[in-house]
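>>> 3D model of this:
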Amino acid sequence: MFFSQDDRMVKIVQVGGTASTMGLHIVSATIVGLALGYFLDDYFGTKPWLLMIFFFLGVVAGFKMMIEDFRKLQRRQEEQQRGSLKQDGENGAGDNQSKG
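Numbering: from 1, shown residues only. This next block holds a predicted model:
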């Protein structure tokens, strides 16, 4: 009952999982950039500069990973559509002729 015949719930969970992964990539890359910049600033004594540089690098890396995840999601959707179109074409109208 929870998973219907057309697997709508499975698709919703897959898209939701990918969306949450995108958000985690942005947040985690930014936090790693901030932490790395903070500790390098503390080690080298260049207080705000490395923190700012690695913060921006972390944000850019997070968005890059998010774009890659979005492209994967698009490819998955296109493959599912191609698969469903292929199945519809094989069993679609006009195939009433016998194959023999």
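>>> how close does residue 50 get to residue 26?
Per CB to CB, to the nearest Å, residue 50 is found 21 Å from residue 26. Any C-beta I mention is one placed from the backbone N, CA and C, and that applies to glycine too.
>>> what do you get for residue 62?
4 Å.
>>> now residue 52
Counting by CB to CB, the gap from residue 52 to residue 26 is 18 Å.
>>> Look at the two and report which has more neighbours.
Between residue 52 and residue 26, counting by other CB atoms under 10 Å, residue 26 is the more crowded of the two (17 against 13).
>>> List the contacts of the more buried one.
Shown in contact with residue 26 (CB atoms under 8 Å, 6 or more residues apart in numbering): 59, 62-63, 65-66.
>>> Helices - which of those residues land there?
59, 62-63, 65-66 (DSSP state H).
>>> Which one (most neighbours) among the residues you listed?
Most neighbours among the ones in helices among the contacts of residue 26, by other CB under 10 Å: residue 62, with 22 neighbours.
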